[in-house]
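S.K.: Got a predicted model here, sequence first, then my questions.
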Amino acid sequence: MKSQQPYQIYLEPGELARAAARRWVELARESIRARNSFHVALAGGSTPKPVYQLLQQEELEWDKIHLYWGDERDVPADHPESNYLMVKEALIDHVPIPNDNVHPIRVEADIEKSVEEYRRVLERVHRSPDGFPCFDLVMLGMGDDGHIASLFPDSSALTVANTPAVSVYVEKLNSWRVTLTYPVLNAARNLMLLVSGESKAPVVAQVLGGDGDERYPVQKLAPQGRVEWYLDQAAASQLPEAL
Ligand SMILES: O=C1O[C@H](COP(=O)(O)O)[C@@H](O)[C@H](O)[C@H]1O
């Protein structure tokens, strides 16, 4: 990914969340006007949670909004680490979205079955010209090792280019994940990257202000659509202009 990416810096995580929620609403309305639906792949983790909570209060055509997940951990749907559960509690339980519009990655004892099922689910999403699901919006968080979705450094998933979703063993976490692959992230009409906290500052500085050297999974993105970075001041604190 080129280091010249548009980004906004917000004073604190609450401000970041409010800006991201406003943009989410704008994109949902724009997409419903243009295509009568809004297909969005959600990020898990902690950063987007307040965004989902803010969306509870929005007057949206929820019956035209379809929720998917960018990645999932190898845990049941009622486990505290489940990305699905986080979104359910923060958003889904509070808005009139039909059940049929909620498309989680269902984690089975056999993770390959989860992946196969999720690939079938993804067939509902419009196609990009090269045949991959083309989301109206993909939301991404970023780990302090530069991972996005569950595309971790040195992982076999980083080179997958022939399928929209894979299972991947994450050595440092000693666990399996299911993740969307780069071709899907790249095909999205809009990508929002939400990054908060000081621990992510070195990666942010390398990706957005660095020498172009590709060290992190986030740098392997080659987005075809719009990209927007939402940073809080802590995450942006090592960018050249902040020093
Ligand atoms: O493990 C994960 O981490 C990333 C980043 O999460 P954050 O808590 O640092 O915001 C997240 O985007 C991903 O969906 C999740 O599974």
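M.R.: Structure's in. What do you need?

S.K.: make it CA atoms for all contacts and neighbour counts henceforth
M.R.: Fine.

S.K.: tell me which parts of the protein are close to the ligand?
M.R.: By CA under 6 Å from any ligand atom, the part of the chain that sits against the ligand consists of 43-47, 71-72, 140-143, 148-150.

S.K.: go again using 5 Å as the cut-off
M.R.: Near the ligand, the residues belonging to the chain are Ala43, Gly44, Gly45, Ser46, Thr47, Gly141, Met142, Gly143, Ala149 when assessed by CA under 5 Å from any ligand atom.

S.K.: which ones among these are found in strands?
M.R.: Judged by DSSP state E, strands contain the following of the residues of the chain next to the ligand: Gly141.

S.K.: Mind listing residues that contact stretch 222-236?
M.R.: Contacts of stretch 222-236 with the rest of the structure, by CA atoms under 8 Å, 6 or more residues apart in numbering, involve 1, 5-13, 16, 20, 185-201, 204-205, 242.

S.K.: I meant to write stretch 81-91 there.
M.R.: By CA under 8 Å, 6+ apart, stretch 81-91 touches 43-45, 49-50, 52-53, 55-56, 69, 71-73, 75-80, 104-105.

S.K.: Put the buried members of those into a ChimeraX selection.
M.R.: Per 16 or more other CA atoms under 10 Å, the buried members of the contacts of stretch 81-91 correspond to this ChimeraX selection:
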select :43,44,45,49,50,52,53,55,56,69,71,72,73,75,76,77,104,105
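
S.K.: quick one: which of the contacts of stretch 81-91 sit in strands?
M.R.: Trp69, Asp71, Glu72, Arg73.

S.K.: mind giving me JSON lines with the residues you listed and columns for distance to Asp93 and pLDDT?
M.R.: Shown next, in JSON lines, are the ones in strands among the contacts of stretch 81-91 (distance: CA to CA, whole Å; pLDDT from 0 to 100):
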{"residue": "Trp69", "distance to Asp93": "16", "pLDDT": "98"}
{"residue": "Asp71", "distance to Asp93": "20", "pLDDT": "98"}
{"residue": "Glu72", "distance to Asp93": "19", "pLDDT": "98"}
{"residue": "Arg73", "distance to Asp93": "21", "pLDDT": "97"}
